[in-house]
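with the input below, show me the fold.
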Amino acid sequence: MAFMPPFGPQGTQQAPTAPPPQSPPPRPLTASALAVDPGAIRGCLFRNTYIWLRNGQSFWFYPTFVGRTSVSGFRWNGFFWMYSGISLDRIETFTCF
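I've put the predicted structure just below:
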């Protein structure tokens, strides 16, 4: 079952009002073999989440919607939150708070 993204008064998704923690969390020891399970990352909805991609990039993310093959929400670019989507098969591992 997919969760619909939240909508604010203007009909758009609402970014977090505060920046994420200053430093990244420790990387989990386990990584997914093929793709992240949507049910696993669904537990991180509307929570600060740190994502490690298979290409070596990592960043803070605030997921607001989880589909069968992707997750969308807000990615921290170092200055502000930007709306973004990520294919679940690009995510190596993640942790949320």
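
in the helix or strand that Thr95 is a member of, what counts as buried?
According to DSSP states H and E, Thr95 maps onto strand 91-96. Within strand 91-96, the residues that count as buried by 16 or more other C-beta atoms under 10 Å are 91-94, 96. In this view, the C-beta of every residue, glycine as well, is placed from N, C-alpha and C.

max pairwise distance over those residues: which two?
Pairwise distances across these (C-beta to C-beta) peak at 14.9 Å, for the pair Glu92 and Cys96.

quick one: the strands in the chain?
For the chain, applying DSSP state E gives strands covering 49-53, 58-66, 70-76, 81-87, 91-96.

where in this protein is pLDDT low?
Counting by pLDDT under 70, the chain has low-confidence residues at 1-12, 31-32.

what do you get if the cut-off is 80, keeping everything else the same?
1-13, 30-34 (pLDDT under 80).

what distance do you get for Arg90 to Ala40?
15 Å (C-beta to C-beta, to the nearest Å).

an error on my part: the question was meant for Tyr83.
22 Å.
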